[in-house]
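**Q** give me the fold of what follows.
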Amino acid sequence: MRKLLLLLALIASSYLLCAQQTVSGTVKDAKSKEPLPGASVTIKGTNQGTTTGSTGTFTIGTQKGDILVIRYIGYAASEVTVDNQATLDIELSPQSGNLQEITIVGSRKLGRTATETPVPIDVIDIKSIARQTGRFDVNNMLQFATPSFNANKQSGSDGADHIDPATIRGLGPDQTLVLINGKRRHQSSLINLFGTRGRGNTGTDLNAIPAAAIDRVEVLRDGASAQYGSDAIAGVVNIILKSSVNEFSANINTGVYDAKKFRYDRKYDGESFQINGNYGTRIGDKGFINFTADYLTNAKTNRTPPPGAVTYRREFGDASAENFSTFFNSEIPVAANTSVYAFGGYTHRFTDAFAWSRDPDDDRNVKEIYPNGFDPRIQSAIDDNSISVGVRTVHNGWNIDFNNTYGKNKMHYYVDGTLNATLLAKSPTNFDAGGFWFSQNTTGINLSKPFDVAEGLNVAFGAEYRTDRYGIFAGEEGSWQNYGVIDTVIDNKVVKYDVLQRPAGSQGFPGFQPRNEVNASRTNFGSYVDLELDVTKAFLLSGAVRYEKYSDFGSTLNGKLATRVKVTRDFNLRASVSTGFRAPSLQQRYFNTIYTNFEQGVPIEILLANNLSTVTRTLGIPPLKEEKSVNLSAGFTAKPFTGLTLTVDGYLINVKDRIVLTGTFDQSDPDIGGDLADLGVGAANFFTNAIDSRNIGLDVIITHSANLGNGRLSTSLAANFNKLTIESVHTSPKLVGKEDNYLSARERSFIIASAPKSKINLTLDYTVSRFSATARFMRFGEVTLLGYDDRPNVYDPKVTTDLTLGCRFSRNIALYIGADNLFNVYPDKQDQENTEAGGLWDSVQMNFGGRHYFARLGFTF
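**A** Residues are numbered from 1 along each chain as shown. Prediction:
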């Protein structure tokens with residue numbers, strides 16, 4: 001009761017402190033007088049702002065002299081000075097000929113807004129999302145802002161602890177394309193081998209992009225390979241960087257997890273601190289440059305059973321990380337209708353994650369070094385850099401954009417608090433374990449032009465040339481070498497025998513060997529044609545065709561048709577059908593590593609084989625080819641009455657020849673054991689095009705906004721319902737009948753559980769004057785995984801509650817405090833022997849951090 005009274009007192013005092021006059025208004029199109037829902041309304045020079053509801057209305061707390069800045073995609077911004085008005089009617093004019101190209105992913109027609117497109121698009125204002133939550137990185141913000149987007153931190157999963165895999169609509173991390181300012185973003189060099197999401201996939205590291213540099217995120221929830229090329233099977237995430245000028249904004253954020261429920265040596269952990277700044281300035285009359293710098297540090301969390309209980313992990317939780325990023329966005333006019341633009345950034349992250357524990361009597365331990373056993377830590381230094389430079393011009397009515405974009409991601413592993421057991425007491429306790437890198441360079445040209453045909457025809461076409469490169473570099477010798485192996489004769493054969501019978505290499509993460517090293521590349525050429533025709537004012541029809549030619553697997557041709565029909569002013573129908581593809585990544589084609597198991601005291605080397613290796617050819621595994629998809633979607637948007645909007649979109653995604661990492665095949669197999677023995681390989685697994693999958697789902701978004709008392713209440717209900725099935729498993733002719741080993745039931749469960757069966761987000765945001773309160777209720781549907789012994793780990797549906805209170809104390813300072821997962825909800829506990837990472841839970845649903853307290857202090861000048 002005292003806690004409740006304290007909360008009520010805090011709310012009341014904040015209200016009294018912050019109370020100021022309230023201004024309401026409507027934002028409309030200056031020509032058609034149609035309301036503009038989703039327009040941004042901010043107080044210039046502050047962090048305070050709101051967006052218009054479905055009828056174009058807004059309410060915001062102001063004081064006399066404040067300047068309201070109103071922005072809407074495709075329209076020129078407007079500024080209005082507040083005097084003593086209680087209401088404002090604001091009209092915006094369509095934008096034309098501006099330097100900063102209007103980008104709405106999924107349409108190449110300039111000025112096309114998200115509400116006009118024939119496919120579902122979420123436009124997420126990062127500034128608004130940031131003030132509503134204590135989550136500081138992009139992945140976590142989107143996880144709780146968009147139901148079809150899923151991301152979880154992993155534990156005990158090697159590289160996946162350091163780069164969070166993220167998915168849309170339950171497909172793989174590599175089946176979503178990421179753009180920045182409409183240009184292709186390079187992927188991470190990491191390929192996920194363990195963890196609960198994205199096994200065998202390579203995604204894009206969204207957390208390498210600081211949220212402070214982002215204006216908005218556009219999420220296209222539809223297949224778009226015919227428009228943008230490889231990877232866009234599930235959809236496209238387009239990140240638009242800030243372009244604001246004459247304004248400095250900064251944030252100081254801090255947070256901590258409540259650890260009392262599952263930690264017994266301290267009450268709190270996972271302390272986080274973030275400081276960032278953003279500043280933009282004019283270059284000439286119309287040019288600009290905008291800079292962002294961001295520093296974020298997170299401490300480890302630890303969630304373990306009570307002291308004395310049997311545990312496989314003495315340390316189980318989120319990794320610690322220290323992250324520094326700097327980004328810029330710029331555009332400079334060089335002639336009439338011509339400008340040069342550039343954007344990019346650099347991020348360095350150092351992470352430290354606990355691996356599985358080693359007990360004192362474990363043969364992987366040396367008691368002279370660790371008498372009580374040890375907990376090795378996998379560390380990584382991740383460097384991510386990118387630069388994009390281009391020229392935009394208008395010639396004879398054609399909008400022309402010529403661009404070159406380069407990006408590189410490098411991941412370097414270190415292992416600390418470890419040893420190489422074959423060196424006994426002489427072993428070092430830290431090693432350089434090597435790593436890998438990936439780079440991409442894309443050169444492209446895009447042209448578009450509107451024509452006066454019917455109610456408007458937009459013609460776009462373009463081409464691009466891309467070079468991908470991938471490399472693996474070895475670690476120091478001690479990180480992988482077995483110093484206890486000698487040659488001996490068994491059954492008249494000379495074999496390697498481990499005198500010490502101990503696993504070799506750095507415990508927790510054996511280093512890459514010189515024979516694993518790779519330096520590979522490929523090229524591809526793509527071209528497309530994209531048409532959008534407003535047949536009438538009510539009927540939009542669009543289509544695209546794209547051809548791609550890859551140097552390593554061949555060519556592919558894909559198409560898309562989409563339509564939108566305005567049945568009435570307040571009811572639209574929309575639908576699309578498309579084919580798509582994802583090219584096999586260089587990481588899947590060339591990644592390889594070696595690790596060791598023991599059978600009756602004899603070391604057996606297990607090879608994760610390169611797809612082009614002698615092993616895969618001997619077993620009849622063909623070279624990797626593209627994944628192919630067919631996407632169908634249909635839905636509607638409606639405004640049943642004032643203040644309420646509803647969108648419903650169903651989808652069907654069939655993917656053929658999905659690439660997976662197989663189970664292990666060894667010499668005990670009666671059909672292929674002899675082949676492996678002849679190759680000197682004890683056991684092997686590999687990447688191959690193995691499965692066909694079907695994904696059926698439904699997205700529902702309901703928003704409502706209305707005045708309530710002296711303020712305004714905005715409500716949104718967003719839900720995703722998703723069912724993924726594996727339709728078939730394909731093996732090579734030599735491995736027919738071994739489908740269960742090719743892809744076990746356990747591995748299939750991880751693919752199916754890439755997203756909960758449902759995810760529902762109810763958000764209530766109330767703003768009165770300078771005071772705001774946000775409550776979010778997130779329901780995560782059931783997730784079922786199989787453990788090591790194929791016993792199911794069932795996670796029943798759970799609901800988390802987030803609460804944020806905010807106050808703008810002046811034009812320049814705003815404070816937000818709150819708690820994510822206010823009621824400290826965890827997934828259902830499981831048997832540690834049966835979870836993927838040896839903890840009480842798998843990495844599912846809201847994850848296992850528990851309640852998180854936070855505070856955000858924002859400055860704007």
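
**Q** OK, contacts around Leu724?
**A** Taking CB atoms under 8 Å, 6 or more residues apart in numbering, we find Leu724 in contact with 170-171, 693-695, 751-752, 754-755. Every residue, glycine included, has its C-beta placed from N, CA and C.

**Q** of the residues you listed, buried ones?
**A** Buried members of the contacts of Leu724, scored by 16 or more other CB atoms under 10 Å, are 170-171, 693, 695, 751-752, 754-755.

**Q** contact partners of stretch 780-787?
**A** For stretch 780-787, the surrounding residues in contact (CB under 8 Å, 6+ apart) are 196, 721, 745-746, 749-750, 753, 756-760, 792-800, 827, 830-831, 833-836, 842, 844-846.

**Q** just the residues you listed: which are in strands?
**A** Secondary structure assignment by DSSP state E places 721, 758-760, 792-795, 798-800 of the contacts of stretch 780-787 in strands.

**Q** from the contacts of Leu724, pick the one nearest Leu561.
**A** Asn695 (20.1 Å; CB to CB).

**Q** bridging residues for the closest one?
**A** Beta bridges link Asn695 to Ile653, Leu724, judged by DSSP bridges.

**Q** equivalent analysis for the one 5 residues further on, please.
**A** When bridges are called by DSSP bridges, Val700 pairs up with Val648, Ala719.

**Q** contacting residues for it?
**A** Val700 is in contact with 646-648, 717-721, counting by CB under 8 Å, 6+ apart.

**Q** just the buried members of the contacts of stretch 780-787?
**A** Those of the contacts of stretch 780-787 that meet the buried threshold are 196, 721, 746, 749-750, 753, 756-760, 793, 795, 797-798, 800, 827, 830, 834-836, 842, 844-846, by 16+ other CB under 10 Å.

**Q** tell me where the stretch 401-550 of the chain has strands.
**A** Assigned by DSSP state E, counting those that start in this stretch, the strands in the stretch 401-550 of the chain fall at 430-451, 457-473, 485-490, 493-498, 518-534, 539-550.

**Q** tabulate those strands (a markdown table), appending mean pLDDT.
**A** Below are those laid out as a markdown table (pLDDT from 0 to 100):
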| stretch | mean pLDDT |
| --- | --- |
| strand 430-451 | 97 |
| strand 457-473 | 96 |
| strand 485-490 | 65 |
| strand 493-498 | 66 |
| strand 518-534 | 96 |
| strand 539-550 | 96 |
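
**Q** with pLDDT and distance to Gly223 added, can I get the contacts of Val700 in JSON lines?
**A** Putting these into JSON lines (pLDDT from 0 to 100; distance: CB to CB, whole Å) gives the following:
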{"residue": "Leu646", "pLDDT": "91", "distance to Gly223": "23"}
{"residue": "Thr647", "pLDDT": "92", "distance to Gly223": "18"}
{"residue": "Val648", "pLDDT": "94", "distance to Gly223": "18"}
{"residue": "Leu717", "pLDDT": "94", "distance to Gly223": "25"}
{"residue": "Ala718", "pLDDT": "93", "distance to Gly223": "21"}
{"residue": "Ala719", "pLDDT": "95", "distance to Gly223": "21"}
{"residue": "Asn720", "pLDDT": "95", "distance to Gly223": "16"}
{"residue": "Phe721", "pLDDT": "96", "distance to Gly223": "18"}
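
**Q** so which of these wins on neighbours?
**A** Asn720 (27 neighbours; other CB atoms under 10 Å).

**Q** quick one: pLDDT of the residue lying closest to that residue once chain neighbours are set aside?
**A** Nearest non-adjacent residue to Asn720, counting by CB to CB, 6 or more residues apart in numbering: Pro147, 3.8 Å away. Looking at Pro147, its pLDDT reads 84.
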